[in-house]
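[1] Just the structure for this:
(chains A and B)
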Amino acid sequence: MMRRLFLRHPGIQATVKAVAFFVLLLLFETGGRASTVQLMSGNRLLPHQYAPILTSGGFFVPLELATLFGGEVSYEEGEWLLTRGQRTARLKPGARAVEVGDSVMELSAAPIEKDHELFVPLRFLGDFMGLRVFWDVAANTLDITPWTPLSRGVGTQRARQQGQAMSSVAVQPAPVVSGAPIYASLVVPPVAQEAAPVGLGEPASATSPQVEATLTGRRSQENDAVDDVKEAVERLLGRLVTPRPASREWSALRQATGVAMQVIDQDGMWAYRLEGVAPEEIKTAYLVDPDRLIVDLPKVKGAKLDPYTPPDPSVRQIRAVEWEGGLRLIFDFVHAVGHRVEKEGEAARIVFYRPLTGVHVDAGAYGGSIRLDVTGQPSYEIYRLTDPDRLVVDLRDTSLVAGPVTVGPLEGPVTRVRAAQNQPEIARVVLDVASDIPVEVLPGEEGLLVLYGDHLGLVAYRNVGPREFHIGVTAPAETQVRVHRLYRPDRLVMDVEGLTLPAPLDDQVFLEGPVSRLRVSQFNPTTVRVVADLRYHVRYAVRREQGRHVLVLEQPVLKGKTITVDAGHGGRDGGAVGVRHGVLEKEINLDIALRLQELLSGAEAVVHMTRVDDTFIDLWARADLANETESDVLVSIHANSVPPDNTSAKGTETFVRLGEPLSERLGAALQSSVTSALNTVDRGVRANRYLVVRRANMPAALVEVAFLADPEEEELLMEPWFRQRAAEGIFNGLLRYFYPEDELEADGSPDAAVDAPWIHLREATAPQGAPAVS
Amino acid sequence: MKGWRIAAVVALLVAVWLAARWGDRLEQQDPLWFAPHEEVTLYFAAPDAIGLAAEKRWLPVTETDVEGRLRALVEGPRRRDLSPTLSPRTQIRGVSVTGDTVVVDFDLTLVREHPGGSTGEILTVFSVVNTLTEIPGIRKVAWRIEGQPVETLVGHLDLTRPIERDPSLIVEVAPSR
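    Numbering: from 1, shown residues only, chains lettered A, B, ... in the order given. A predicted model of the protein is given here:
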C-alpha cells in the first residue's frame, strides 16, 4: 500500500528523494571541510586526490602527497610510515606525538583518518620532506616546492651553482629539471688595453689579460656525486642509464711486456694509464700525415703485438713495436688531437684532449647561438678584449681537430666567429662583437652552447642581496622602456616597446625577497610586458647594462626609524573572541606584533613593544611608551568584531585620529598594504576623534586586521601564514609611509661588484592561455 | 423593508457595540496605543557593519525621552537588515541631563556582553550618541558604567570626555525585504 502510494504520487516521491538526499549529505560530513585552495608544485596543478582540507588545526593534506616528492608511504598495523631517505616517521590518527627515528616530535595538530587515508598537517609534511609552502592568496593556490637555494640571497658563486645543480636535480620529481643551468657569466668590465693583440694561432703571451674573477663553469671532474645525480635523473626520466664506461685494458700488452695499460674515459677526455711507468721515462712525438703519436718507453721491454682498438673514438688503433730495445707505441688517430703526459701515483698517464669537432653558428638580428661539438663538458673561461671588441671563450684541454675556423660576416651583434688552437691544450673561440651584449655558455647535448644577445632568453633576474632585485630584458638600446607601479596587488610593470617574445615564458615564483613573482607576456604585438609582483615596497630605477634594460628594485631600509608596535589587549583583557573557535584576540595581536618586530628589526628599525607576552597593559601606557621613546610612529594591532547579529562584516579596517594628515597618510599606507597582502575586503581608513591612541604625539594608526566575528576570517587568523602576511602587510605599509617616493636615486654606473649571475626565465612547457598580464 | 437591510443595520449596531467594548479593553491593556506619538530617529548597525543606519520609529511621547530612546535601542531594530548595537540584557541604570550633556549610566552587562573590536565599540558608542543627540538641546553624551566614569568600553575608544555626534558614520541603507 505504501509502495503504491509512493509510485502514484509524484509529490511524495519528490519529498522522499529530497529527504534521502539531505540524509546522504549529512553522512558525508567529516572532520574538516574541503577548502577551495588548489595545490600546485612549481607551475603544475597537483591532482585533485591530493586536495587539502581546512580544519581548525590548519591545512591538512593527504600523506600520499609525500610520494610526489620522493617520500615513501606504507601502512603497518594501525600506523602509517613515511620514509624520506634514512628518516622514517610513524604517524597515527588522533595522536599528536610522532616517532621520527629515535626521537619523538609533536605535531601542531593530530593527523586525521578519512576514507582510509591519513591526512597530516601541511606544516609537518613540508618540514619533513624539505618543502617550502607558498600561499598565493590572490590566486588561492598553495605552491609546494622542494627547497632549492635558487631564491636565496647571493652566496659564493661556485658553491651556489654546484648546490643548485645538485639539489635541483636530485629532489625534483618532474622530468623537467628546473634549476639554473651551470654557466659562467661575463662579469668583468672590458679591459682597457693589452700588450699585444691576442690573435689566433699565436700562443697567448705572458701578458695576455687572463682576468681573474672569471668563473669556470665546470664542476670538478672528480666529483662522483654529480655522476650519481646524473644517473638519478636518467632513472627518473625512465631512460636507460648511460653506463659509466668501464675502463678497458690492453691485456696483451701486459702479458708481453709487463706494463698494464688502462683506457679511461674522463667525461670525454680519454686517458691511457700505464702502470709501473714513470712519466719521465716516456718520450712522445706527434707526427702528421697521417696524424699519429709516437710513445717511446725505452725502459720497457719491447714487443710486437697485434694492434689494439681502444674505445676512444679519436684513436683508430694502437700499435706496439720494438724500437731500439724498448717499447714503442704508435697511436693512429682518426683526427688530430693534443695530449699531455701526467703522473698518477706509480703510473704515468697519457691524456688526450677533447676533440672540438665542430663550430656551428646560428646568428640572428639581436642574438645568436654557437654550438661547439665537443664530448663532455670542458672547463672554459670567458673574457672580453678591446681593440677591436672581442669576446673570447677558451676551452681547456680541448683540441680543435680541424684547422682554424672562421664564420662570417654575420648579421647582428656578433659579426664574426673564429676558432683556433691557441695553445696545445686550449682551443679558443673568438666572437667579434659590434655592440654590447650579454653572453653565456651552457652545457648542450653534444657539447657547449655559447648564447649571446636575445638567444639567451629575453628576460632574466638576479638577486643582489636580500633587498635588491634586478630584472633584465635583453633588448637593443633603441627600444623604449616604461615602468609604472600598480596596487592590489602591489606590482611594478615594465613595458619594453619594440620587442617580441619568441615564445611564452614560465612565471617564476620567489619565496623570499621583495619580489614574489615575475611574469612576462606579449602585451601587444610590439610591447613585451614584465610584471613583478611585490612582497615588499620597493623603489626602483632603470639602467642599461651589457645589452639589457635593467630594472633595479631596492627595498628600503628603516635605519634610523623608531617604531612603537602595540599588540592590542593582553592579560585579563582578552579582547574579542572568535565566533566559531573561541580564539582570543590578544593572542593573535601578539603573534602578529612579534612577527612585525622581526621584520622591522631586520630592516634596521628601532622597535619598541608595548608588550611581548600575555600581560595586561594599561590603555594609556601604550601611547606613553611611544611618547617616551620618541617614536616616529605608533602602530596598534587588533582583530575586529561586531555585535553578533551582524555576522556579514568582513575585511580590514584602519583607524586614525581625526584631522591629522600624517596619521591619515600612515593609515592609508597600512590599510592598502595589509589588504593587498591578505586579499581582504578593504573597509578603508576611518578617522575618529576619540581613538585611544590619541594621546600619542606622533602619527598613529590602529589596524584591525580582520573580523573574529566572521567564521572564515577567524580561521584565517588562526593560520600562522595569514598572520605572517598580516605582519608583512603592516611592514610594507610602514615602508611605503617612510619612503613614499618611487624612484631610487640614480647612483651612477652599475656596481662592478655585482657578481650575481643572471637567471633566465625558461620558455613555458605547457601552452599558456592566460591573457596579457597587467 | 427587505430582510437583508434589517440584518445589515443590526450587524452595524452589533459592530459598534463590540468596538466600544473591545476598544475599552484595548485601552486598558495598552493605554499608550492611543496616546499621541512622535517620530524619532534611532541608529542601529548597518549591514556589514559599514556604519549606522537610521530607523525611524513612532514612539508614544512618553517614550521619546532619553531613557525611552535608550530602551528602544536595547530592544533592537525592527528592520531585519539592521542589527542591534547593545546587548538586549543591558540595563539602563539612569540618565541625567546637565546643559547640553546627557550622562548615561549602563550596567556592567553592556561591557561584559560586548563582542569587542573597534568597529563594534564605535557602533555601540555612536549608535547611542547619534540617537540621543537627535534630541534638541543634547549635544554630548557622557558615559558611566555601574555609576562610575570609564576610560573605555572595550579598549578602543577614549570615553573620558563626553562624546559628540559623528555624522560621518551614518549611511543610507535602502530597506531590503
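[2] Quick check on residue 127: phi, psi?
    Answering for chain A, as no chain was given. As for A:Asp127, its main-chain torsions (degrees, to the nearest 10) stand at phi -60, psi -40.
[3] that's the wrong chain, I wanted chain B
    Backbone dihedrals for B:Ser127, given as degrees, to the nearest 10, come out at phi -70, psi -40.
[4] so it makes contact with B:Leu82?
    No. Between B:Ser127 and B:Leu82 there is no contact under C-beta atoms under 8 Å: 10.0 Å. Quick note: C-beta positions are derived from backbone N, CA and C, even for glycine.
[5] which residues in the stretch 451-600 of chain A form strands?
    Counting by DSSP state E, counting those that start in this stretch, the stretch 451-600 of chain A forms strands over residues A:459-463, A:468-474, A:480-486, A:491-497, A:508-509, A:515-524, A:527-534, A:539-545, A:548-554, A:562-567, given from the N-terminal end onward.
[6] Describe which strands the second one pairs with in its sheet and in which direction.
    It refers to strand A:468-474. Based on DSSP bridges, the pairing partners of strand A:468-474 within the sheet are strand A:459-463 (antiparallel), strand A:548-554 (antiparallel).
[7] Then the third one?
    For strand A:480-486, the paired strands and their directions (DSSP bridges) read strand A:491-497 (antiparallel).
[8] Pull the residues that contact the partner strand.
    The set of residues external to strand A:491-497 that reach it, using C-beta atoms under 8 Å, 6 or more residues apart in numbering or on different chains, is A:471, A:473, A:475, A:479-486, A:523, A:526-534, A:538, A:540, A:542, A:549, A:551, A:553, A:774.
[9] burial of A:Val606, as a residue count?
    The local packing count at A:Val606 equals 16, with neighbours defined by other C-beta atoms under 10 Å in any protein chain shown.
[10] can you check the one 4 residues further on too?
    When neighbours are defined as other C-beta under 10 Å, A:Thr610 has 23 of them.
[11] ditto for A:Gly513
    A count of nearby residues for A:Gly513, using other C-beta under 10 Å, gives 21.
[12] Please verify my assumption that it contacts A:Phe469.
    Yes. When contacts are counted by C-beta under 8 Å, A:Gly513 is listed as touching A:Phe469 (6.0 Å).
[13] As CSV, the strands of the stretch 451-600 of chain A with mean pLDDT and mean neighbour count would be great.
    Compiled in CSV, the strands of the stretch 451-600 of chain A are given as follows (pLDDT from 0 to 100; neighbours: other C-beta atoms under 10 Å in any protein chain shown):
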stretch, mean pLDDT, mean neighbour count
strand A:459-463, 90, 22
strand A:468-474, 91, 24
strand A:480-486, 91, 14
strand A:491-497, 93, 19
strand A:508-509, 88, 22
strand A:515-524, 91, 20
strand A:527-534, 93, 23
strand A:539-545, 90, 17
strand A:548-554, 92, 22
strand A:562-567, 96, 26
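[14] In TSV, list those along with distance to A:Val417.
    TSV is the format used below for the strands of the stretch 451-600 of chain A (distance: least, C-beta to C-beta, whole Å):
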stretch	distance to A:Val417
strand A:459-463	23
strand A:468-474	19
strand A:480-486	30
strand A:491-497	28
strand A:508-509	31
strand A:515-524	29
strand A:527-534	28
strand A:539-545	24
strand A:548-554	22
strand A:562-567	58
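[15] Residues of chain B that sit close to chain A?
    Applying C-beta under 8 Å from any C-beta of the partner chain, we find that chain B lies next to chain A at B:45, B:47-50, B:83-87, B:114-120, B:122-125, B:151-152, B:154-159, B:161, B:163-164, B:166, B:168.
[16] Just the buried residues of these.
    If you count burial by 16 or more other C-beta atoms under 10 Å in any protein chain shown, the buried members of the residues of chain B next to chain A come out as B:45, B:47-50, B:83-87, B:114-120, B:122-125, B:152, B:154-159, B:163-164, B:166.
[17] May I see the buried residues of stretch A:736-746?
    Applying a neighbour-count criterion of 16+ other C-beta under 10 Å, the buried positions in stretch A:736-746 are A:Arg736, A:Tyr737, A:Phe738, A:Tyr739, A:Leu744.
[18] Could you tell me which of the residues you listed are located in helices?
    Within those, membership in helices is found for A:Arg736, A:Tyr737, A:Phe738, as judged by DSSP state H.
[19] show me the contacts for the last one.
    Shown here is A:Phe738, whose contacts under the criterion C-beta under 8 Å, 6+ apart are A:Pro556, A:Leu558, A:Lys561, A:Asp632.
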